[in-house]
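**Student:** Could you look at this predicted model? Sequence included:
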Amino acid sequence: MLYRVEGIVIRSMDYGEGNAIITLCTENAGKVGVLVRGAKKVKSRHAALIQLFTTGEFVFFRNNGGLGTLNAGEITKSHHPLREDLVKAAYASYACELLDRVLHDEETGSFWFRQLTACLNALEEDKEPGIIINVFEMKILQAAGYGPQLDNCIVCGLDKPDEELRVSPRLGGVLCRSCRHNDPPAMEISPRALKLLRLFAALDLTRLGNVDVKEGTRAELKKIMRAFMDHQLGLKLKSQNFLDQLDKYNI
């Protein structure tokens with residue numbers, strides 16, 4: 001069957017001699033793998049189509065839901081500035097790998113195509129990368145069924161003043177003073193950071209404008225969201241390891 005889809009390249013790998021297999025997050029066909037013959041050969045007309053973050057129209061044959069074979073393609077946005085900047089490339093790669101690892105084929109669709117498009121555009125537009133990724137992570141957690149409970153204590157369900165709350169990545173939400181014994185290592189959280197996490201949970205990336213966040217709060221959000229991702233999803237991502245290296249050397 002012939003498919004014509006708009007998609008974003010979220011993974012690209014060499015296959016055989018001169019070929020490549022790309023994974024696309026598409027607007028209307030879920031997440032699909034497509035074989036691109038001859039893409040790695042010199043002067044291949046498809047060489048640019050297999051680059052990470054590339055958005056385009058892809059035409060491919062696929063039988064019985066298996067691997068497709070590319071017939072034609074046209075780039076609508078290359079996102080080459082992301083690939084030319086080390087930090088932007090690292091964050092964009094993390095977003096793509098996270099989506100690829102967490103969501104199954106049938107779970108992707110127009111919503112995730114829009115979310116990833118907004119994420120890549122925001123990174124390219126020099127918006128704060130850490131905040132962009134934190135919102136993206138929140139959406140991933142929610143889609144996977146692990147969205148944190150941030151409005152009420154996750155144990156007793158009572159609404160308490162923000163100053164009394166801690167956040168428990170292990171339990172998946174906030175804890176009031178009376179319930180802290182359920183998770184003694186629960187993390188302290190400032191009212192400002194908690195307010196932003198609630199904002200991240202309520203909004204999606206297509207509606208996120210410029211958010212002015214102080215450096216200390218950004219660091220706090222990053223630490224908390226990393227803890228949520230580690231406890232709730234437990235993924236070992238190559239792109240996350242690279243981001244950790246960037247942090248180590250303050251890049």
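**Tutor:** Yep, that arrived.
**Student:** Now do the same contact list for the residue most central in space within the chain.
**Tutor:** Taking C-alpha atoms, centre = their mean, the centroid of the chain lies closest to residue 95, which sits 3.0 Å from it. Going by C-beta atoms under 8 Å, 6 or more residues apart in numbering, residue 95 touches 116, 119-120, 133, 136. C-beta here means a position set from N, CA and C on the backbone, and glycine is covered the same way.
**Student:** For it, give its distance to residue 182.
**Tutor:** Remark: distance between residue 95 and residue 182 (C-beta to C-beta, to the nearest Å) = 33 Å.
**Student:** For residue 197, see how far away the closest residue to residue 231 other than its chain neighbours is.
**Tutor:** Among residues not flanking residue 231 along the chain, residue 169 sits closest, at 4.3 Å (C-beta to C-beta, 6 or more residues apart in numbering). Here the criterion is C-beta to C-beta. By it, residue 169 lies 12 Å from residue 197.
**Student:** shared neighbours of these two, which are they?
**Tutor:** Joint contacts of residue 169 and residue 197 (C-beta under 8 Å, 6+ apart) are 148, 224.
**Student:** where do the helices sit along this protein?
**Tutor:** 80-84, 86-102, 110-124, 129-143, 191-202, 215-232, 238-248 (DSSP state H).
**Student:** Go through the shortest one and flag the buried ones.
**Tutor:** Under the neighbour-count criterion of 16 or more other C-beta atoms under 10 Å, helix 80-84 has 82-83 buried.
**Student:** which strands and helices sit next to it?
**Tutor:** Helices and strands touching helix 80-84, as assessed by 3 or more C-beta pairs under 8 Å, 6 or more residues apart in numbering; DSSP states H and E, comprise helix 86-102, helix 110-124.
**Student:** can we see that at 6 Å?
**Tutor:** helix 86-102 (3 or more C-beta pairs under 6 Å, 6 or more residues apart in numbering; DSSP states H and E).
**Student:** The helix it packs on: how far from the chain's middle?
**Tutor:** Taking C-alpha atoms, centre = their mean, to the nearest Å, one finds the center of helix 86-102 at 6 Å from the center of the full chain.
**Student:** just stretch 193-201 next, same as before
**Tutor:** The mean C-alpha position of stretch 193-201 is separated from the chain mean by 17 Å, C-alpha atoms, centre = their mean.
**Student:** buried ones in it?
**Tutor:** So, applying 16+ other C-beta under 10 Å, buried residues of stretch 193-201: 193-194, 196-198, 200-201.
**Student:** How about the contacts made by residue 148?
**Tutor:** The contact partners of residue 148, by C-beta atoms under 6 Å, 6 or more residues apart in numbering, come to 172-173.
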